[in-house]
Each structure stands twice: as C-alpha cells, then as structure tokens.
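J.: Structure here, sequence nowhere to be found:
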C-alpha cells in the first residue's frame with residue numbers, strides 16, 4: 001500500500017514537534033530545580049539569640065556601671081544615660097532577647113541557586129586587566145653583568161688565544177664571541193605592572209554572589 005507523501009511528512013513533523021515539546025518541558029523542569037536548605041545561621045528557627053545582651057534584652061549602663069547614679073561632689077545624682085535604672089534596652093534586639101535572622105529573613109530556610117554570573121566558581125575575570133594580571137610592562141635597561149657591558153665574551157673554544165695555536169672557527173681568530181645574554185652590552189628587562197584590582201591574580205571575587213558560588217533567595221523574595 002502506497003502512503004501519500006503529504007501524510008508521511010505530516011506524521012514525521014508531528015513526531016518532531018512532540019519530541020521538541022517534551023525536551024523543552026524537561027529542560028524547564030530541571031532548570032527550575034533548586035535546593036532548599038535549612039538556614040545554618042539560625043538552625044531553622046528564623047531567630048537568633050542576641051549575643052550583645054546575652055539574650056537578656058537589657059545591657060548594663062556603661063556610664064554608671066549599673067549603679068543608676070553618679071557621685072558628684074559627695075551627692076548622688078541619677079544617671080541621665082539610663083534614667084537611674086542602671087541598665088538600658090539592648091539596641092540590637094530592642095529588648096526582645098532575639099532578632100530575626102538576616103540570612104533567611106526569619107523563615108528558617110532559603111532557596112539556593114548556582115550563581116550564573118560566575119558559573120558557581122565564586123570568581124570572575126578581572127575587567128581591569130582582562131584576566132592578564134598585569135597592566136603592561138615597565139621597560140628598564142641595564143649594563144650586562146655577564147660581559148661587563150662589552151657585548152662580547154672570551155671565546156670558549158680557543159680561550160681567547162685568537163687562533164695562535166690553531167685556527168678557531170668559533171671566533172674566527174678574534175678571541176671573542178658575541179654575548180648571548182645582551183644586545184651590545186645592554187640587558188633589557190620587562191617588569192609587569194601589577195593590576196591594582198586583582199593583585200596580579202587575573203580574577204576577582206564575583207560581585208553577584210560575593211565569592212560563595214551561589215545566590216540565596218529567601219521565601220519572601222519569591223512573592
């Protein structure tokens with residue numbers, strides 16, 4: 001039985017479209033997969049006990065050292081800093097003894113995404129030196145210490161005898177050969193200029209994830 005060409009083409013097109021839809025859907029599903037972690041700063045509680053006041057909500061007044069008064073000219077005067085109480089409300093927890101965790105915004109957990117700016121490496125290429133680690137070179141010229149600036153050294157073949165005993169093919173009976181460490185007695189040194197941004201490493205800490213390789217999104221930021 002002969003199948004019409006148009007029907008065969010339509011079936012193959014339908015199969016290709018179906019496969020494309022499935023692959024796209026799977027990609028979207030896997031790309032949207034994220035890691036939900038329990039916050040390690042608050043251990044999932046969403047709150048952290050205040051260390052400034054040792055979870056008491058109050059701190060001893062520094063002016064009167066907890067006395068509530070000051071001795072002046074033999075008289076006791078109420079401490080104006082704490083209104084004679086001897087203590088003050090903790091400025092960090094505002095007397096609550098605990099404060100909301102900043103890492104998870106008080107939810108106790110957060111969603112972690114691999115940083116797409118640095119591909120999870122935590123470092124990016126330095127944009128000042130373009131990853132080279134240096135900003136050009138400083139050129140300095142010095143006298144060659146090997147030949148003392150003469151540009152030539154004693155021939156090692158005839159030991160500087162200038163072919164007196166036998167003809168020397170290395171120095172052509174001159175007793176000297178050209179110094180291979182300099183040019184006319186001058187040595188050119190190239191010193192790289194250290195990049196002030198990356199300190200010659202060529203990479204800098206990722207500004208998106210602050211060098212940790214992933215970004216944290218709390219639950220209130222999703223909505």
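T.: Everything's here; your move. Since the structure is predicted, the reported quantities are computational estimates derived from the model, not experimental observations.

J.: what ranges do the helices span in the chain?
T.: With helices called from DSSP state H, the chain shows them at 5-31, 219-222.

J.: In contact with the residue lying closest to residue 52 once chain neighbours are set aside, which residues are there?
T.: Nearest residue to residue 52, sequence neighbours excluded (CB to CB, 6 or more residues apart in numbering): residue 92, at 4.5 Å. In this view, the C-beta of every residue, glycine as well, is placed from N, C-alpha and C. By CB atoms under 8 Å, 6 or more residues apart in numbering, the residues touching residue 92 are 50, 52-53, 99.

J.: now do residue 162
T.: For residue 162, the contacting residues are 168, 171, 173-175, by CB under 8 Å, 6+ apart.

J.: For these, please prepare a markdown table with the additional fields pLDDT and neighbour count.
T.: Below are the contacts of residue 162 laid out as a markdown table (pLDDT from 0 to 100; neighbours: other CB atoms under 10 Å):
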| residue | pLDDT | neighbour count |
| --- | --- | --- |
| 168 | 87 | 20 |
| 171 | 87 | 21 |
| 173 | 86 | 15 |
| 174 | 87 | 14 |
| 175 | 87 | 17 |
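
J.: Go through those residues and say which is closest to residue 37.
T.: Nearest to residue 37 among the contacts of residue 162 is residue 171, at 75.4 Å by CB to CB.

J.: now that closest one: how far from residue 153?
T.: According to CB to CB, to the nearest Å, residue 171 stands 10 Å off from residue 153.

J.: Kindly report the same for residue 125.
T.: Using CB to CB, residue 125 is found at 45 Å from residue 153.

J.: These two: which has the busier surroundings?
T.: Each of residue 125 and residue 153 has its neighbours counted (other CB atoms under 10 Å); residue 153 has more, 18 against 14.

J.: For residue 92, give me phi and psi.
T.: When read as degrees, to the nearest 10, the backbone of residue 92 gives phi -90, psi -40.

J.: Tell me the confidence at it?
T.: Per-residue confidence (pLDDT) for residue 92: 90.

J.: do the same with the one 3 residues further on
T.: In the predicted model, residue 95 carries a pLDDT score of 90.

J.: Report the separation between it and residue 59.
T.: Applying CB to CB, the value for residue 95 to residue 59 is 10 Å.

J.: Residue ranges in this structure under the pLDDT threshold?
T.: Within the chain, the ranges that satisfy pLDDT under 70 run 1-34, 163, 218-223.

J.: tell me the domain ranges of it?
T.: As assigned by automatic domain parsing, the chain contains the domains 124-144+185-205, 148-184.

J.: got those as JSON lines, with distance to residue 84 columns?
T.: JSON lines is the format used below for the domains of the chain (distance: least, CB to CB, whole Å):
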{"stretch": "domain 124-144+185-205", "distance to residue 84": "50"}
{"stretch": "domain 148-184", "distance to residue 84": "84"}
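
J.: Tell me which of the ones you listed lies nearest to residue 211.
T.: Nearest to residue 211, of all those, is domain 124-144+185-205, at 4.0 Å by CB to CB.

J.: and the gap between the closest residue to residue 125 other than its chain neighbours and residue 198?
T.: What sits nearest to residue 125 in space, not counting adjacent residues and going by CB to CB, 6+ apart, is residue 131, at 4.2 Å. To residue 198, residue 131 is 8 Å away according to CB to CB.

J.: Same check on residue 128?
T.: Look at residue 128 and residue 198: by CB to CB, they are 7 Å apart.

J.: Could you check which of those two is surrounded by more residues?
T.: Taking other CB under 10 Å, residue 128 and residue 198 do not tie; residue 198 has more neighbours (22 against 13).

J.: Brilliant, that's me finished.
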